[in-house]
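Engineer: quick one: sequence plus predicted model below, questions after.
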Amino acid sequence: MGLTPTRILMENAVAAGTGIGSFNVLHLETAEAIVAGAEAAGLPVILQISQNCATYHGALKPLAAACLAVADGATVPVALHLDHAEDEALVHQALELGFGSVMFDGAALPYSENVAATARVVKHAEPLDVFVEAELGEVGGKDGAHAPGVRTDPFEAADFVLSTGVDALAVAVGSSHAMTSRSAQLDLELIRELKNALDVPLVLHGSSGVPDSTLVAAISAGMTKINVSTHLNGFFTRAVRQMLGDHPDLVDSRKYLSAGRRALAPEAGRLLSLFALTGTTVVEKG
């Protein structure tokens, strides 16, 4: 239990045919809430820190140290992942700090440059047995939700995996980052095609905008690692806003941050339980 290599959690999920949640950490309270939810559900989880979040904190090390400590004390398996790193130097820092996995995001690069840079990351990570995720077919961004032409080509994906040696691939199948409505429509047939074309697990980014039933269907079609950030942030923020609205004179930040932590934890656990389903009958929850 406690801190666990990402590779083990991914291999277990693939073998079981289920999904595993990888949830973004913004600050210590997020990490604590995610792990509390995982413990309540009795399921493993991946904590992930993005390059944007490391920039917000001024460096990767402080928040990474906090996450490693929270993971180490958990009663369920918890892994630590670097999310959407476009800076190879940051990837090297994560390797030195003890991350179990890294995601190098070269999706905005020309194909040949993405292959070369990703292969370099794999070469550095391999001696440490650190799991490497990459991205092909840029996932819709904050300005490009539901861009119809943004999709990963299965043949190109197979060539990319072979050329780079990556352990998992984030693919563009219809989701978009930072969605606050759960209305994204995924291309389930494309997910099946990608699953058949590749021998590595598939990763779904932008899952906050995907309805519960579609997430379960995507896992059944071949998705393994399910990334969630915005959806969980909403639970945290709404609770903080409610607490401050109810107590306008409150100045102790621990009191309103703890409200956010309490609100996020059960939803994290619910999502982990959802991803662990093997059936497809799901009651939707906003």
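Structural biologist: Sure thing, it's come through. Numbering: from 1, shown residues only.
Engineer: helices of the stretch 1-150 of the chain, start to end?
Structural biologist: 6-16, 28-41, 51-57, 61-72, 88-97, 111-125 (DSSP state H, counting those that start in this stretch).
Engineer: and those as JSON lines, adding mean pLDDT and distance to Val171?
Structural biologist: All C-beta spots, glycine's among them, are computed from the backbone N, C-alpha and C. Formatted as JSON lines, the helices of the stretch 1-150 of the chain follow (pLDDT from 0 to 100; distance: least, CB to CB, whole Å):
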{"stretch": "helix 6-16", "mean pLDDT": "97", "distance to Val171": "15"}
{"stretch": "helix 28-41", "mean pLDDT": "98", "distance to Val171": "24"}
{"stretch": "helix 51-57", "mean pLDDT": "97", "distance to Val171": "20"}
{"stretch": "helix 61-72", "mean pLDDT": "98", "distance to Val171": "26"}
{"stretch": "helix 88-97", "mean pLDDT": "97", "distance to Val171": "20"}
{"stretch": "helix 111-125", "mean pLDDT": "95", "distance to Val171": "13"}
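Engineer: out of the ones you listed, which is the most enclosed?
Structural biologist: Here the criterion is mean neighbour count by mean count of other CB atoms under 10 Å, and of the helices of the stretch 1-150 of the chain the winner is helix 28-41, at a mean of 23.
Engineer: got the contact list for that helix?
Structural biologist: Under the criterion CB atoms under 8 Å, 6 or more residues apart in numbering, residues 21, 23-25, 44-45, 47, 63, 66-67, 70-71, 74-76, 78, 232, 236, 257-258, 260-262, 264-270, 272-273 lie in contact with helix 28-41.
Engineer: now, of those residues, which are buried?
Structural biologist: Neighbour counting by 16 or more other CB atoms under 10 Å classes 21, 23-25, 44-45, 47, 63, 66-67, 70-71, 74, 76, 78, 232, 236, 257-258, 260-262, 264-265, 267-269, 272-273 among the contacts of helix 28-41 as buried.
Engineer: show me these that map onto strands.
Structural biologist: Using DSSP state E, the members of the buried ones among the contacts of helix 28-41 that fall within strands are Gly21, Phe23, Asn24, Val45, Leu47, Val78.
Engineer: cool, thanks, talk later.
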